[in-house]
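Colleague: Here is a sequence with its predicted model. Questions after.
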Amino acid sequence: MNPPATHPLQKAAIAALPLLLTGQTASLAAQSYPERPVRLIIPLSAGGSADIVGRLLTQKLSERMGQQFVVDNRPGAGSIIGTEIAARAPRDGYTLLLAGSSFAIAPSLRRKLPYDPVRDFTPIT
């Protein structure tokens, strides 16, 4: 028996959920979170598959949590620019990063990054 058909974007959104990263998750446990709009930084160009997945995620998160989630595309330097912006954001849970393969391989390709991928981010699922 075959499983029911699933839309490719739905599959991509589900696959991307573990890749959401934030600087700190302690405030996520608070009952009142989110009290203000949450920014999702996508370190890739608008219109690509990561952008589509990010917009689907923010739409569903907005509906479920009753607060606005905003997509902020920050492409450049192999995703390092957007990732650095997320790393330098206040650690309050209101800035999230949609990370992909470039996040995982950047430390192997660059001797010095403007962020520490292990210390500066906390994965959320």
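Modeller: Perfect, thanks for sending it.
Colleague: contacting residues around Ser102?
Modeller: Ser102 sits next to 43, 78-79 when contact means Cβ atoms under 8 Å, 6 or more residues apart in numbering. (Glycine included, C-beta is placed from N, CA and C.)
Colleague: Repeat the analysis, applying 7 Å as the threshold.
Modeller: By Cβ atoms under 7 Å, 6 or more residues apart in numbering, the contact list for Ser102 reads 78-79.
Colleague: Confirm it sits in a strand?
Modeller: No: Ser102: not assigned to a strand; according to DSSP: H, G, I helix; E, B strand; the rest coil it is helix.
Colleague: For the residue most central in space within the chain, list each beta-bridge partner.
Modeller: Geometric centre of the chain, nearest residue: Leu98, 2.2 Å, by Cα atoms, centre = their mean. On the basis of DSSP bridges, Leu98 is bridged to Leu20.
Colleague: can you tell me how far it sits from Ser79?
Modeller: From Leu98 across to Ser79, the span is 10 Å (Cβ to Cβ, to the nearest Å).
Colleague: Report the set of residues contacting both of these two.
Modeller: Counting by Cβ under 7 Å, 6+ apart, Leu98 and Ser79 have no shared contacts at all.
Colleague: sorry, back to before: my guess is the residue nearest to the centre of the chain contacts Ala50, does it?
Modeller: Yes: using Cβ atoms under 7 Å, Leu98 makes contact with Ala50 at a distance of 6.1 Å.
Colleague: Now list whatever residues contact both of the two.
Modeller: Ile42.
Colleague: Now the helix or strand Ala106 falls within - C-alpha only, CSV.
Modeller: Element membership of Ala106, judged by DSSP states H and E, is helix 101-109. Written as CSV, here are the backbone C-alpha positions of helix 101-109 (Å, rounded to 0.1, in the frame of the first residue of the first chain):
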residue,chain,number,x,y,z
SER,A,101,23.8,22.8,4.0
SER,A,102,26.0,25.9,3.7
PHE,A,103,25.7,26.3,7.5
ALA,A,104,27.1,22.8,8.0
ILE,A,105,30.0,23.0,5.5
ALA,A,106,31.1,26.7,6.0
PRO,A,107,33.5,25.8,8.8
SER,A,108,35.3,23.3,6.5
LEU,A,109,35.6,25.8,3.7
